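Asker: sequence plus the predicted model coming up.
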Amino acid sequence: MSERTAAEAPRAARQIELPEHRYARELEFLAAYDQGPRPPGWRMTPRAVVLFVCGSDDEPLRAADGGRLTVSRKFVGDRALVERCVVTLAGERGLLLVGEPGTAKSMLSELLSVAVCGTSALTVQGTAGTTEDQLRYGWNYAMLLAKGPSREALVPSPVLTAMVRGAVARVEEVTRCLPEVQDALVSLLSERRMSVPELAGGDGADGTVHAVPG
């Protein structure tokens, strides 16, 4: 048996495919299918996002280049709910999904994230042990000791990464987080900026990272 390369081995060992890999063909097709206006940073139009989640009702879609594809239904639920979620995200607002366990909230958030920004991996798992630093940032301490506070030594959280990219960050099980962690998240959602006081210096930088449109 021939040996697999290092890049192939992890992919072959996956039990669950990420939606960005599982539905790569549909995502590529829908990004080209609808050429209408898109919110800042979005990979496809809001209409195409709804189509990606709810499917095309077994009817093949025809792209401008003549390509045809039937988009599978991924979320079994109220289409109007999905539309409201998409409108909320298009308005650059925070989206809170509430429901009983097992009602596909996480799956829906993954599908929306990958359709909007191409990745579902910018995720913070909320638990009783989640700290505020997991929503903000940490440090590469070896680099911090060697060079002092700098952008290179900063280890951004998924939330900070999403702010810089204009992408979607997901916080799972937010109600399990401690109140002070929830308060930190509310502050980020309302102010759309994060203070990094260690980066404030004599070059005029105030140490504030602002969320870009998206």
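Answerer: Structure received.

Asker: name the nearest residue to residue 40, sequence neighbours excluded.
Answerer: Using Cβ to Cβ, 6 or more residues apart in numbering and skipping residues adjacent in sequence, the residue nearest residue 40 is residue 213, 3.6 Å away. From N, CA and C alone the C-beta is placed, and that goes for glycine too.

Asker: surely that neighbour touches residue 166?
Answerer: Yes - assessed by Cβ atoms under 8 Å, residue 213 is found in contact with residue 166 at 5.7 Å.

Asker: now the common contact residues for the two.
Answerer: 40-41 (Cβ atoms under 8 Å, 6 or more residues apart in numbering).

Asker: who has more neighbours, those two?
Answerer: Neighbours were counted for residue 213 and for residue 166 using other Cβ atoms under 10 Å; residue 166 has more, 17 against 10.

Asker: residue 27 versus the more buried one, what's the distance?
Answerer: Residue 166 is 18 Å from residue 27, where distance means Cβ to Cβ, to the nearest Å.

Asker: residue 169 too?
Answerer: The separation that residue 169 has from residue 27, given Cβ to Cβ, amounts to 19 Å.

Asker: repeat that for residue 64.
Answerer: Remark: distance between residue 64 and residue 27 (Cβ to Cβ) = 17 Å.

Asker: and what of residue 14?
Answerer: 18 Å.

Asker: pick out whichever of those two has more residues nearby.
Answerer: A count of neighbours by other Cβ under 10 Å puts residue 27 above the other of residue 14 and residue 27, at 20 against 9.

Asker: so the more buried one touches residue 18, yeah?
Answerer: No - counting by Cβ under 8 Å, residue 27 does not reach residue 18; the two are 11.5 Å apart.

Asker: shared neighbours, those two?
Answerer: residue 114.

Asker: look up the pLDDT of residue 146 for me, please.
Answerer: We have a pLDDT of 89 for residue 146.

Asker: quick one: secondary structure of it?
Answerer: helix (DSSP: H, G, I helix; E, B strand; the rest coil).

Asker: ok, it - how many residues close by?
Answerer: Residue 146 has 11 neighbours, counted by other Cβ under 10 Å.

Asker: quick one: contacts for it?
Answerer: Contacts of residue 146 (Cβ under 8 Å, 6+ apart): none.

Asker: list the buried residues for stretch 41-48?
Answerer: In terms of neighbour count (16 or more other Cβ atoms under 10 Å), stretch 41-48 has its buried residues at 42-46, 48.

Asker: which two among those are spaced furthest apart?
Answerer: Farthest-apart pair in these is 43 and 46; separation 11.4 Å (Cβ to Cβ).

Asker: quick one, strands of the protein?
Answerer: Taking DSSP state E to define them, one finds strands in the chain at 61-62, 68-69, 123-125, 137-139, 154-156, 170-172, 193-195, 208-210.

Asker: out of those strands, which is the most enclosed?
Answerer: Among the strands of the chain, strand 170-172 has the highest mean neighbour count (mean count of other Cβ atoms under 10 Å), at a mean of 20.

Asker: how far out from the middle of the chain is it?
Answerer: Put simply, strand 170-172 sits 9 Å off its chain's centre (Cα atoms, centre = their mean, to the nearest Å).

Asker: now what about it, what contacts it?
Answerer: Outside strand 170-172, the residues that touch it by Cβ under 8 Å, 6+ apart are 106, 109-110, 113, 120, 122-126, 135, 158-159, 177, 185.
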